[in-house]
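Novice: okay, sequence plus prediction incoming.
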Amino acid sequence: MINVLIVKKEDRILEISVDGHANYAKQGWDIVCAGVSAVVIGGINAIDELDDKVVFDVSANEDTTGYITYRSIKPTYEEQLLLKSMVISLQSIEENYSKYISIETREVKQ
C-alpha cells in the first residue's frame with residue numbers, strides 16, 4: 001500500500017511524504033503507483049520550475065521503498081496552491097483505489 005502523510009499547520013502544507021508501493025499490478029503495469037508518482041514528481045517539478053521564490057527540500061530513497069518527502073522551508077502562495085492541487089489529485093486516486101493508497105493528514109501547532 002502507498003501511504004501518504006500530509007503535515008499541515010492551519011491551512012499551510014508543511015510536508016508531504018509518500019512511502020510504499022500500491023501492489024495493484026506487477027511492476028511496469030501498476031497504474032496506481034504510476035499515477036501517484038506522476039502527481040508527486042510532476043507537482044514538485046512544477047513548483048521548482050514555476051516559483052523562483054520558494055525554498056523547499058526533497059529527500060528520497062533510491063531503493064525499492066518508493067519513499068519521497070517534500071518539505072516547505074520558505075513557502076509562497078504559488079507553492080501552496082500547487083501543493084493543494086497535488087493533494088486533490090492524490091485524493092482523487094484514493095477515492096478510486098482506496099485498497100492501494102491511504103492518505104493521512106496531521107495538524108501541527110509548531
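Specialist: Nice, I can see it. Here the structure is a predicted model, which means the values were calculated and not measured.

Novice: now do the helices in the chain.
Specialist: Counting by DSSP state H, the chain has helices at residues 31-50, 77-96.

Novice: contact partners for the residue at the greatest distance from the centre of the chain?
Specialist: Within the chain, K26 marks the point farthest from the mean C-alpha position, 22.1 Å out by Cα atoms, centre = their mean. The contact partners of K26, taken as Cβ atoms under 8 Å, 6 or more residues apart in numbering, number zero. Where C-beta positions appear, they are placed from N, C-alpha and C, glycine not excepted.

Novice: distance check, it against C33.
Specialist: To C33, K26 is 11 Å away according to Cβ to Cβ, to the nearest Å.

Novice: okay, now the closest residue to I13 other than its chain neighbours: neighbour count?
Specialist: Excluding the flanking residues, the one nearest I13 by Cβ to Cβ, 6 or more residues apart in numbering is L83, at 4.4 Å. Other residues near L83 come to 25 when the count uses other Cβ atoms under 10 Å.

Novice: now do E79
Specialist: So E79, with other Cβ under 10 Å, has 24 neighbours.

Novice: do you know the pLDDT at it?
Specialist: Looking at E79, its pLDDT is 98.

Novice: same question for G28.
Specialist: pLDDT, read off for G28, is 86.

Novice: can you check the one 10 residues further on too?
Specialist: Reading off the per-residue confidence, A38 sits at a pLDDT of 96.

Novice: before we move on, what about the one 5 residues further on?
Specialist: In this prediction, G43 carries a pLDDT score of 97.
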